[in-house]
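Asks: fold the stuff below for me.
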Amino acid sequence: MAGTLQPQQLMDSAVVDPDGNKIGKVGNVYLADATREPEWITVKTGLFGSKESFVPLSGANVDNDGIHVNVAKDQVSEAPRIDADGHLSSTESAELYQHYGLPMPRTAPDANAGRGKMDTSAGRGKHDMAAGRDKMDTAAGRGTQDAAMAREGRSVADAGSGTRGEEMIRSEERLNVGTEQVETGHVRLRKYVVTEEQQVTVPVSHEEVRLEREPITDARGGTGRAELGEQEQDVVLHAEKPVISKETVPVERARLNTETVTEEQTVKGEVRKEQFDLQDDAEKRKH
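Replies: Purely as a prediction, here's the structure:
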């Protein structure tokens, strides 16, 4: 861990893994038995931060966006479930170090040697992680912690003035409306043959026989000697008649095109949201 960090610097800080994923917020800080320096932190995860997982501070550093640790978010999620009751036993510590693949640190021969008081900023009380709050130095006006309890791995609570509870985040669903292109149908263009009748007026001509008579006034106008007898003459008459023939000619061209038409549609859906409800048992007892 780069530099020596004070527990109060770590409280409620965001915890970020090497890939930049936010793991959660710091819930408690656990001190090493031998060095009395922060060794473990618990990270609030799960809904409303109800779950706390232990994260090692080995190789960690503090930046503007929080504490950058050297373990992945998935490792934290899969860490052994250990109750954050203020103290880590040697067995629990070994289990955590084994999970994260870290070597166990060397501890001092006498865990009780070198105990001292851990002072915070002036005017701010410190918490005894094992037995609660005890006023150790009233003359100086400053509360102190029992460093021995801290060396045994007890968590460090919030050192600020007043009591600060765990955060609860209210969430709600929101409608995100977008569009997607879907197939709505098929359109086909086809042609087929129908039969209909047409009437066309066509001019036609024909020959008719007309008898032309011309009187003969001069005997010399005859062609020869006149004889009595029967004679006939055959004349061929002609006439035109309609003749029907058909041919196929192009008359029209058609094709299918598409165009985009934009219109407005109103959509609706149900969303859920959480509400806060404050229940004060003390107020109920007053009534």
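Asks: let me see the ranges of the helices in the stretch 151-287 of the chain.
Replies: Using DSSP state H, counting those that start in this stretch, the helices of the stretch 151-287 of the chain run over 281-286.
Asks: where does pLDDT dip in it?
Replies: Residues of the stretch 151-287 of the chain meeting the criterion pLDDT under 70: 151-164, 219-225, 283-287.
Asks: how about a cut-off of 50?
Replies: 151-161 (pLDDT under 50).
Asks: what ranges do the strands span in it?
Replies: Along the stretch 151-287 of the chain, counting by DSSP state E, counting those that start in this stretch, strands occupy 155-156.
Asks: does Thr91 sit in a helix, a strand or a coil?
Replies: Classification of Thr91 using DSSP: H, G, I helix; E, B strand; the rest coil returns helix.
Asks: let me know the pLDDT of it.
Replies: Predicted confidence (pLDDT) at Thr91: the value is 88.
Asks: show me what contacts it?
Replies: Residues near Thr91 by Cβ atoms under 8 Å, 6 or more residues apart in numbering: none. Just so you know, the C-beta spots here come from the backbone N, C-alpha and C atoms, and that holds for glycine as well.
Asks: state the distance from it to Ile82.
Replies: 10 Å (Cβ to Cβ, to the nearest Å).
Asks: could you do Asp33 as well?
Replies: For Asp33, the distance to Ile82 - Cβ to Cβ - is 16 Å.
Asks: which stretches of the stretch 1-150 of the chain form helices?
Replies: Along the stretch 1-150 of the chain, the stretches classed as helices by DSSP H, counting those that start in this stretch are 7-10, 73-77, 90-100, 147-151.
Asks: first-to-last residue distance for stretch 60-74?
Replies: End-to-end distance for stretch 60-74, by Cα to Cα, to the nearest Å: 17 Å.
Asks: please name the nearest non-neighbouring residue to Leu175.
Replies: Nearest residue to Leu175 in three dimensions, chain neighbours excluded: Gly269, at 5.5 Å (Cβ to Cβ, 6 or more residues apart in numbering).
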